[in-house]
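Engineer: I need the structure of the sequence given here:
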Amino acid sequence: MNVPYQASNANAEEIDLVELFRALWQQKLLIAEITIGVTLAAAAYAFLATPYFQTRTYLRPIPQSALDQLNETGIYKLTPEDAINRVAGGLSSYDNRLDFFLNNQELFQAIEKRGDSPEQTFADFNEDAFQMLFPDPKRTDNRNAFVGLQLTYPKGMDGAAVVNSFVSYVLELERREIAEDLESLINNRLASLDMRIEAQRASYAASKEAKIATLLEEDALKRAELQDELAALRTELKTRRTYRIQQLNEAISIAESLGIRTPTSPSAMAEAPRSGTQVIRTEVTNQETPLYFMGTEALTAERDALSSRSSDDFVEPRIAEIQSELAMLEHNREVEILNEREGEDVYLLNLAELREEAARLTGIKLDTERLRLVRLDQPALQALKPVKPKKAMILALGLVLGGMLGIFVALVRSLMSRAAVNRPAFS
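Structural biologist: Here you go, the predicted model:
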């Protein structure tokens, strides 16, 4: 029972497809007109739209030897990889691009003005115009390292001049920045050396003052000790003289009582008869002869001489030595030499090395104009064919889209006609 029903549905569908084809065929002129119209519109866009061109440049690392002059300064190190990375950073910097745009307006006359300021115009242009080119990160071979800059520009602009000038502009900026960094490092090193020299001068001055103070203190101490020793010796000599005078007085008294006027000896007194019948016999049990045997004349003369003496210094040789040492302490020649020193920098530690380093730093002269940071592998060239609009593709798309739109419009009209025919009439 279901088979006839299915067959009737299939026949209905076949009839509908045939009718649909017939309806489209009947509107073939409409489809053709729409297709031609859309294609003409696409062609108008393809041939009337502003053509855009592309140009690019490639930069590669330089040999290590090209950076020897910079690296031999000893205070700035730059490898070829660092150099090309610096240049890549400069090329991708928006600030650098904007500065180049503002300073070279004549190169950008062909771009469409946007907004009220040049900055807004450049912001729109930069968003789609510049593109950085890098090698595949999976390939780590340094021989294939490069950095590129691609520019998409409208007709009427010298894109090659823009790219090449911008690369030169960035390279000059990087050279100038390296020169400024080097100069700053040199000035910092020189300032550090000056600080070290000044610190050594201050240290030397402090040590010199400390040495002078130590020498003067030692002299003062030595002088005080010598003066104390001199005073003690003089006191001792005076005491000895007083003691001697007392001895002489006692000996004179004894000699007067014995009647000894001139020097004699115990044996002589024993042999010589004295007045009267008495004879004095003296037995000497001590090796030293008593002082009174000198006689009153000699003892009195010695006592008078000791009493009239104004100074005992000549008696003790040490006093002369002390006075000589005190006289030498009046002038410390080492202190005088230290105070009279001229050109004291020669006494600073490591001064020669510090001055040599300062002279080397001062003599560093880097020719930044000859400093190479990258190797220009391919300069930008003016493009001969535009990259957009792609006329053939636009025409093909216009033809396809026009045909599809025509068929769609024809189908809509056909369905609307059938719906109007099948609609029941109402009185």
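
Engineer: centre-most residue in this protein?
Structural biologist: When Cα atoms, centre = their mean is applied to the chain, the residue found nearest the centroid is residue 185 (5.6 Å).

Engineer: contact partners for it?
Structural biologist: 75, 76 (Cβ atoms under 8 Å, 6 or more residues apart in numbering). Placement of C-beta: from N, CA and C, glycine included.

Engineer: separation between it and residue 82?
Structural biologist: 15 Å (Cβ to Cβ, to the nearest Å).

Engineer: which parts of the longest strand that the chain contains are buried?
Structural biologist: With secondary structure taken from DSSP state E, the chain has its longest strand at strand 52-61. In terms of neighbour count (16 or more other Cβ atoms under 10 Å), strand 52-61 has its buried residues at 52, 53, 54, 55, 56, 57, 58, 59, 60, 61.

Engineer: for those, which one is nearest residue 177?
Structural biologist: Taking Cβ to Cβ as the measure, residue 177 lies nearest residue 59 of the buried residues of strand 52-61, at 17.1 Å.

Engineer: excluding sequence neighbours, find me the nearest residue to the closest one.
Structural biologist: Residue nearest to residue 59 in three dimensions, not counting chain neighbours: residue 374, with 4.2 Å by Cβ to Cβ, 6 or more residues apart in numbering.

Engineer: what bridges to that neighbour?
Structural biologist: residue 61 (DSSP bridges).

Engineer: number of residues surrounding it?
Structural biologist: For residue 374, the neighbour count with other Cβ atoms under 10 Å is 23.

Engineer: who touches it in this structure?
Structural biologist: 59, 60, 61, 62, 83, 84, 87, 147, 171.

Engineer: hmm, try it at 6 Å
Structural biologist: 59, 84, 87 (Cβ atoms under 6 Å, 6 or more residues apart in numbering).

Engineer: repeat that for residue 175.
Structural biologist: Residue 175 neighbours (Cβ under 6 Å, 6+ apart): 368, 371.

Engineer: the same query, at a cut-off of 7 Å, please.
Structural biologist: 368, 371, 373 (Cβ atoms under 7 Å, 6 or more residues apart in numbering).

Engineer: ok, and the closest non-adjacent residue to the last one?
Structural biologist: Leaving aside its sequence neighbours, residue 373 sits nearest to residue 83 (Cβ to Cβ, 6+ apart; 4.3 Å).

Engineer: distance of that neighbour from residue 365?
Structural biologist: Applying Cβ to Cβ to residue 83 and residue 365 gives a distance of 20 Å.

Engineer: repeat that for residue 387.
Structural biologist: Distance, residue 387 to residue 365, by Cβ to Cβ: 47 Å.

Engineer: ok, now residue 153?
Structural biologist: 41 Å.

Engineer: before we move on, what about residue 72?
Structural biologist: In terms of Cβ to Cβ, residue 72 sits 12 Å off from residue 365.

Engineer: got it, and residue 134?
Structural biologist: 35 Å.

Engineer: higher neighbour count, these two?
Structural biologist: Shown here are residue 134 and residue 365; by other Cβ under 10 Å, residue 134 has more neighbours (10 against 7).

Engineer: send me stretch 193-208 as CSV with only the CA atoms.
Structural biologist: Output of stretch 193-208 as CSV, limited to C-alpha atoms (Å, rounded to 0.1, in the frame of the first residue of the first chain):
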residue,chain,number,x,y,z
LEU,A,193,88.5,56.9,39.0
ASP,A,194,88.5,60.5,40.1
MET,A,195,86.6,59.4,43.3
ARG,A,196,89.1,56.7,43.9
ILE,A,197,92.0,59.1,43.4
GLU,A,198,90.4,61.7,45.7
ALA,A,199,89.7,58.9,48.3
GLN,A,200,93.4,57.9,48.1
ARG,A,201,94.4,61.6,48.5
ALA,A,202,92.2,61.9,51.6
SER,A,203,93.6,58.6,52.9
TYR,A,204,97.1,59.8,52.3
ALA,A,205,96.5,63.1,53.9
ALA,A,206,95.0,61.4,57.0
SER,A,207,97.8,58.9,57.2
LYS,A,208,100.4,61.7,56.8
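
Engineer: just the buried positions in that stretch, please.
Structural biologist: 193, 196, 197, 200, 204.

Engineer: give me the contacts around that stretch.
Structural biologist: 338, 344, 347, 348, 349, 351, 354, 357, 358.

Engineer: pLDDT (mean, whole number) over it?
Structural biologist: Taken as a whole, stretch 193-208 has a mean pLDDT of 89.

Engineer: centre of the chain versus that stretch, how much separation?
Structural biologist: 22 Å (Cα atoms, centre = their mean, to the nearest Å).

Engineer: secondary structure class of the residue lying closest to residue 351 once chain neighbours are set aside, three-state.
Structural biologist: Using Cβ to Cβ, 6+ apart and skipping the chain neighbours, the partner closest in space to residue 351 is residue 345 (5.8 Å). In three-state terms, and counting by DSSP: H, G, I helix; E, B strand; the rest coil, residue 345 is helix.

Engineer: adjust the sequence numbering to begin at 26 for everything that follows.
Structural biologist: Let's use 26 as the start, then, which means that last one is residue 370.

Engineer: residue 370 against residue 380, yeah?
Structural biologist: No - using Cβ atoms under 7 Å, residue 370 makes no contact with residue 380, being 8.7 Å away.

Engineer: give me the contact list for the longest strand of the chain.
Structural biologist: In contact with strand 77-86 (Cβ under 7 Å, 6+ apart) are residues 105-106, 108-109, 112, 158, 170-180, 184-185, 188-189, 192, 399-408, 411-413.

Engineer: please pick the buried ones from these.
Structural biologist: Applying 16+ other Cβ under 10 Å to the contacts of strand 77-86 flags 105, 108-109, 112, 170-179, 184-185, 188-189, 192, 399, 405, 408, 411 as buried.

Engineer: just the residues you listed: which are in helices?
Structural biologist: 105, 108, 109, 112, 184, 185, 188, 189, 192 (DSSP state H).

Engineer: from these, pick the one nearest residue 355.
Structural biologist: The closest of these, once distances to residue 355 are taken by Cβ to Cβ, is residue 108, at 71.8 Å.

Engineer: quickly note the distance from that closest one to residue 130.
Structural biologist: Distance, residue 108 to residue 130, by Cβ to Cβ: 30 Å.

Engineer: can you check residue 318 too?
Structural biologist: As for residue 318, its distance to residue 130 is 134 Å (criterion: Cβ to Cβ).

Engineer: so where do the helices sit in this protein?
Structural biologist: Under DSSP H, the chain gives helices at 27-51, 53-73, 93-96, 105-117, 119-128, 143-154, 184-283, 291-296, 320-333, 342-354, 358-364, 376-387, 416-447.
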